[in-house]
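**Student:** quick check, what structure comes out for this input:
(2 chains)
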2 protein chains.
Amino acid sequence: MTVNRQWIYARKPNGQIGTGNFDLRETPIPEPAQGEVLVRAAMLQFDAASRAWMQGQTYRSQLNPGDVMAGRGLGEVLESKAEGFAPGDLIMGDIGWQTHAALPARHIQKLNKNILPELHLSIFGITGLTAYFGLLDVGRPRPGETVLVSAAAGAVGVLVGQIAKLMGCRAVGTASDPDKCKWLVEEIGYDAAVDYRHGNLHADLKAACPRGVDVYFDNTGGEVLSAALSRMNLWGRVACCGAVANYDTATPAPGPAGVPGFLVTKRIRMEGFVVMDFLNRRREAEIQLAQWVEDGKLKPVVDIVDGFEKMPETLVGMFAGKNRGKLMVRL
Amino acid sequence: MTVNRQWIYARKPNGQIGTGNFDLRETPIPEPAQGEVLVRAAMLQFDAASRAWMQGQTYRSQLNPGDVMAGRGLGEVLESKAEGFAPGDLIMGDIGWQTHAALPARHIQKLNKNILPELHLSIFGITGLTAYFGLLDVGRPRPGETVLVSAAAGAVGVLVGQIAKLMGCRAVGTASDPDKCKWLVEEIGYDAAVDYRHGNLHADLKAACPRGVDVYFDNTGGEVLSAALSRMNLWGRVACCGAVANYDTATPAPGPAGVPGFLVTKRIRMEGFVVMDFLNRRREAEIQLAQWVEDGKLKPVVDIVDGFEKMPETLVGMFAGKNRGKLMVRL
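**Tutor:** Numbers count the residues shown, from 1 in each chain, chains lettered A, B, ... in the order given. All right, here's what the predicted structure looks like:
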């Protein structure tokens, strides 16, 4: 096996993303330089933000057509020219959509092989930290309050609802179809779930949150954000985690009509965050998350698809709302 | 003199407010009940929020056609049936747009007659407290940062810019014409001012804020808010004080396109406030504001119109951006 298979970000989406935006390419497996390791990808994850990387500059530089599609994943070290890494090590890093990568040692992280690999990419990775710090540090829920979560069946959302319950809150989620809503309540432990696409969003939200919304964990922006603002209580908090409703489009939609009116009259604090800013406190979160998992109080939810060839269709499916929990492809 | 002249909020505005929304009426001067005082109005102030009171419920209940138009002001006590008040006292309260009012003693406040009455309605009143707490507690500027203020020539804006300078910040304001912009820089002490109506808002804002915007004190919402969000620095703060761009209309405009996208990527905190929530700390602010005024470091700016008959046209003029500083009518 000397071939590196790569998915190239070939054409900029004109509106919604499709499988036609990617091309499969074969190149030689790279040689690691001094200070690098050669990695064989084992699992590659998907992020809602990847659509934004194609559109412009975000917290990372913009992707340009011709680039290997970006994405984080797990891999096994095949060859090391860097101190501290040896063949057989399990690492996490920005592998990209390819079967092999030569990565600088300073950009990768060695992982505990005793833990299921999929958990490194979900609850014990960025996803878990995002849910933990976004809800607890930005949203700051208090016992008895109502926490609303958009994209509640998504990677972060399935964790936020569970952590809200652990904090003594009422947890309400939004999702894009009735099956996911049922699953959120019956399997994940949400108190209620609202199908934002097929019902009456405002009325359903009101019924699901009879005492209003105190904390809104926003993964989407768009119409759910507007509706949430109209249901927020005085002194409500909005933790802005992402804007997936605006990612898969070339021109962002107008913002919610309640801004700034509702913010003023209801004294709402709305705050964006990027989980990277909390990494100096990651140990605190990891210990707590691991304890909850061990005690059976927090359920990791992963959605694993087999086959590197399925990378583009899996990403497209994520924007169509097909996944439940953290989505990844196993190679 | 036995006649009470009143301006009635007669007809709901269909879009922009006009003098035709008000009717002048004469009624007998009311008799104060037990626990009330009879007050003759001396000065009545104008609030941007008064337009919102006509449209729906805000932090106060909605005004309905037929009601005496609401508004705060200063008056002299003519007759007292309440302990602690005597004829000749100067008081502040919700007098409304009328020459006389019988007001419950618990809803009015006795004022220091040694201070110029117009200062009670501006820097030593709600206006001053709004600028002080909104900028310092919600915006939290640090020395060397850039503070942007919309409606900078308005009642609150003229104070926010001056306090920002006292904090060691660069102060930049927006206003609706070149004369006001010139005045903001030459008379009020703003470092720069941007005419948001007649120039290129984005380019002019960029030139006026070469190091970006750290704190945006938002009196307007609308297009200035959108433009400000695009110029905000990482960890920027938006203090939402009001949404005057949305008040004088029957249907609120869509919100700013940068919400929630910019909030996430730039970790912006956007927070609404209502000054009433800070009244338990008003003494702290009053002492500091009075000291700055006495030291000549903070200039009160008031815009006094003479004649009760001019109430409607003065309010309409305020929404057309005619006033500079706190607007009031002297009876």
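**Student:** shouldn't residue A:34 be within a strand?
**Tutor:** No. Per DSSP: H, G, I helix; E, B strand; the rest coil, residue A:34 lies outside any strand segment and is coil.
**Student:** how near is the nearest residue to it once chain neighbours are set aside to residue B:138?
**Tutor:** Among residues not flanking residue A:34 along the chain, residue A:81 sits closest, at 5.3 Å (Cβ to Cβ, 6 or more residues apart in numbering or on different chains). Quick note: C-beta positions are derived from backbone N, CA and C, even for glycine. Counting by Cβ to Cβ, to the nearest Å, the separation of residue A:81 from residue B:138 is 52 Å.
**Student:** try residue A:4
**Tutor:** For residue A:4, the distance to residue B:138 - Cβ to Cβ - is 53 Å.
**Student:** ok, those two, which is more surrounded?
**Tutor:** residue B:138 (22 against 19; other Cβ atoms under 10 Å in any protein chain shown).
**Student:** which SS state does that one fall under?
**Tutor:** helix.
**Student:** settle this for me: it is touching residue B:270, isn't it.
**Tutor:** No. The criterion here is Cβ atoms under 8 Å, and residue B:138 misses it with residue B:270 at 9.8 Å.
**Student:** overlap of the contact sets of those two?
**Tutor:** Counting by Cβ atoms under 8 Å, 6 or more residues apart in numbering or on different chains, the residues touching both residue B:138 and residue B:270 are residue B:237.
**Student:** all strands in the stretch 151-300 of chain A, in order from the N-terminus.
**Tutor:** Assigned by DSSP state E, counting those that start in this stretch, the strands in the stretch 151-300 of chain A fall at A:170-175, A:192-195, A:213-218, A:232-240, A:269-272.
**Student:** format those as TSV; extra columns: mean pLDDT.
**Tutor:** TSV is the format used below for the strands of the stretch 151-300 of chain A (pLDDT from 0 to 100):
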stretch	mean pLDDT
strand A:170-175	98
strand A:192-195	98
strand A:213-218	98
strand A:232-240	98
strand A:269-272	97
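**Student:** those into JSON lines, with extra columns for distance to chain B and mean neighbour count?
**Tutor:** Listed next are those as JSON lines, based on distance: least, Cβ to the nearest Cβ, whole Å; neighbours: other Cβ atoms under 10 Å in any protein chain shown:
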{"stretch": "strand A:170-175", "distance to chain B": "15", "mean neighbour count": "27"}
{"stretch": "strand A:192-195", "distance to chain B": "19", "mean neighbour count": "23"}
{"stretch": "strand A:213-218", "distance to chain B": "6", "mean neighbour count": "27"}
{"stretch": "strand A:232-240", "distance to chain B": "4", "mean neighbour count": "23"}
{"stretch": "strand A:269-272", "distance to chain B": "3", "mean neighbour count": "25"}
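**Student:** residue A:279: neighbouring residues, count only.
**Tutor:** Neighbour tally, residue A:279, other Cβ under 10 Å: 12.
**Student:** sorry, that was for residue A:88
**Tutor:** 10.
**Student:** what's the spacing between it and chain B?
**Tutor:** 38 Å (Cβ to the nearest Cβ, to the nearest Å).
**Student:** that residue contacts residue A:75, correct?
**Tutor:** No. Here residue A:88 lies out of contact with residue A:75, judged by Cβ under 8 Å, at a distance of 11.4 Å.
**Student:** show me what contacts residue A:282?
**Tutor:** Contacts of residue A:282 by Cβ under 8 Å, 6+ apart are residue A:129.
**Student:** make it 10 Å
**Tutor:** Contacts here follow Cβ atoms under 10 Å, 6 or more residues apart in numbering or on different chains; on that basis residue A:282 touches A:124, A:126, A:128, A:129, A:132, A:133, A:275.
**Student:** number of residues surrounding residue A:322?
**Tutor:** Counted with other Cβ under 10 Å, residue A:322 comes out at 17.
**Student:** lowest-confidence helix or strand of chain A?
**Tutor:** helix A:244-247 (a mean of 63; mean pLDDT, DSSP states H and E).
**Student:** per-residue confidence at the residue nearest to residue A:103 when sequence neighbours are not counted?
**Tutor:** Residue nearest to residue A:103 in three dimensions, not counting chain neighbours: residue A:93, with 5.2 Å by Cβ to Cβ, 6+ apart. Residue A:93 carries a pLDDT value of 95.
**Student:** again, but for residue A:318
**Tutor:** 91.
**Student:** now the element after the host helix or strand of it, going C-ward?
**Tutor:** Taking DSSP states H and E as the definition, residue A:318 sits inside helix A:311-319. Per DSSP H and E, the first helix or strand lying C-terminal to helix A:311-319 is strand A:326-330.
**Student:** which neighbouring elements make contact with that next one?
**Tutor:** strand A:36-45, strand A:73-80, helix A:117-120, helix A:126-133, strand A:302-306, helix A:311-319 (3 or more Cβ pairs under 10 Å, 6 or more residues apart in numbering or on different chains; DSSP states H and E).
**Student:** next, the angle from that strand to helix A:126-133.
**Tutor:** Angle, strand A:326-330 to helix A:126-133, by axes from the mean of the first three to the mean of the last three Cα atoms, to 10 degrees: 170 degrees.
**Student:** centre of the chain to strand A:326-330, how far?
**Tutor:** Centre-to-centre, strand A:326-330 and its host chain are 11 Å apart (Cα atoms, centre = their mean, to the nearest Å).
**Student:** run me through the strand neighbours of it, direction for each.
**Tutor:** strand A:36-45 (antiparallel), strand A:302-306 (parallel) (DSSP bridges).
**Student:** quick one: low-confidence parts of the stretch 101-250 of chain A?
**Tutor:** A:244-250 (pLDDT under 70).
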